[in-house]
Structures are given as structure tokens and as C-alpha cells.
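>>> My questions concern the predicted model and sequence given below.
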Amino acid sequence: MIPVLTIDGPSGAGKGTVSRVIAKQLGWHYLDSGSIYRALSIACLQQKIDLNNPKEVIKIAATIQLEFKGDNELKVKLNGIDISKQIGLETTANTASIVAAIPEVRTILLQKQRAFQQPPGLVADGRDMGTVVFLTAEHKVYLTASAEIRAKRRYKQLIKKGIDANLTKIINEIQARDKRDTERKTAPLAKATNALYLDSSDLSATQVIEKILNFIR
């Protein structure tokens, strides 16, 4: 069995940064499942598809081709075109949570995600990696932080990139996204029963990585 480490949690908890570092240290593959849904929302907007029209979104989900690369910064290609800059936008994250709530979309993208499980191992981060996608994964982590802390982190990231941001707006968007993610009928955001629970509100990324690696060992 190819080993899998799943790291689930809400937006802004630090899953991406932590997962990429751990994958590199272990020499494993990396899956950012959130980027799959973000890429889908971008594809829909590019083709002027109404995100609230499930049938049209499902059609796009069945045809998109994705490619992930990069260690320190994730590089994403959608149908051969680099969309890395768009992937990181807050507006993209918000639209992604809309398409992710469509049950048929999750079913279609499920197989795309499972295809990342290849030797020597996989680190997968998202919302339902340990509860649905890789249910039998040997190692599972649930990484979270308060909405305020997550918003402040996101605000700093955007400002550092030269992107104008409003902290209050980000907090409201994160809380709304949390509500959608935890209350959706299909694969809601939840902690797997056998997952290690980590609150990163008062922890550095280095401390979180150390705790997860010790957990695996």
C-alpha cells in the first residue's frame, strides 16, 4: 500500500505551506486538493459559466486537465496554461467553495485526486482528504486556527504580494467559507476520528511541521 498523509482543515490554517515542506522532506508527491476546485472555478469563469448552474459546472469538471509543480510555491496549469496567480486570489477561494458544494462535481474530481497516490507516497491537503478521498490513509492530521488568526495571515500574504486587502472583509469571507464548507451535504469539512488535531493559532509553521513529522514517526 502506498503511504498517504492527509492534512485537512479550514482555509488559512497553513495546510499548503506545511504540506509542501513535509512532502519535500519525505520525498513524496503533493496534492493540493483545494487548487483543483479553485482551478475548476477559474475554468467556469473563463467560459462564462454560471457557478450556480450545476449542470454546466459538471460539464467543465469532466473536461479540465490539471498539472501541479513546485516546492516552495505551487505552480498550477489549467489545460496547459499557468493560472498560479489566479489560484491565490481571495475571490478564487470564495468561488471555489461554491463549486465544491456540488455533489456531482466532487464525485468527478474524486478520481482525479486519487490518481495522485503514487510511489513512494503522497501528502494530500484539503477539506475531506482523510474523511472521504483517502479514507484508509495511515496518517491523518486536522490543522486549524481561529478565523481571526487565519484572516491576519491571509492579509499579510496579500499585502506582501502588493495586493490591496481589507482585514475585516477577509474575516467575513473566511467565516462565510467555513460555514459553507462545514454545512454542505456532501463531504463537509470535519476532523477524521483518528486524526491528529493541531491548532496552529499560536504555533509557527516550523513547530507544526515538527509535530506532524513526530506523529508520523
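Good, I have the coordinates. Residues are numbered from 1 along each chain as shown.
>>> Name the strands paired with the helix or strand bottoming out on mean pLDDT in the chain and say parallel or antiparallel.
In the chain, no helix or strand scores lower on mean pLDDT, DSSP states H and E than strand 66-69, which sits at a mean of 80. Here strand 66-69 has these sheet partners by DSSP bridges: strand 75-78 (antiparallel).
>>> This protein: strands as residue ranges?
Under the criterion DSSP state E, the chain contains strands at 4-8, 29-32, 66-69, 75-78, 81-82, 122-126, 139-144, 196-199.
>>> out of the ones you listed, nearest to Ile98?
strand 122-126 (16.1 Å; Cβ to Cβ). (Each C-beta comes from the backbone N, C-alpha and C, glycine too.)
>>> hang on, the earlier thing: how about the least confident helix or strand of the chain: buried residues?
Judged by neighbour count (16 or more other Cβ atoms under 10 Å), strand 66-69 contains these buried residues: 66, 68.
>>> List the contacts of it.
Outside of strand 66-69, the residues within contact range by Cβ atoms under 8 Å, 6 or more residues apart in numbering are 30-32, 35-36, 39, 74-78, 80, 112.
>>> related to what we said a few turns ago, may I see the strands of the chain arranged in CSV, with distance to Gly14 as well?
CSV is the format used below for those (distance: least, Cβ to Cβ, whole Å):
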stretch, distance to Gly14
strand 4-8, 9
strand 29-32, 13
strand 66-69, 18
strand 75-78, 19
strand 81-82, 24
strand 122-126, 10
strand 139-144, 6
strand 196-199, 9
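>>> Ile171 is nearest to which of those strands?
For Ile171, the closest of the strands of the chain is strand 139-144, at 15.4 Å, according to Cβ to Cβ.
>>> Show the contacting residues for Leu203.
So Leu203 contacts Lys211 (Cβ under 8 Å, 6+ apart).
>>> Low-confidence ranges, the chain, go.
70-72 (pLDDT under 70).
>>> Which residue lies nearest the spatial centre of it?
Gly34 (2.9 Å; Cα atoms, centre = their mean).
>>> and it, how far is that from Pro188?
15 Å (Cβ to Cβ, to the nearest Å).
>>> same deal with Val141?
Distance from Val141 to Pro188, by Cβ to Cβ: 18 Å.
>>> Give me the more crowded residue out of those two.
Neighbour tally, Val141 and Pro188, criterion other Cβ atoms under 10 Å: the higher count belongs to Val141, 29 against 15.
>>> residues in contact with the more buried one?
The contact partners of Val141, taken as Cβ under 8 Å, 6+ apart, are 5-8, 130, 195-196, 198, 212, 215.
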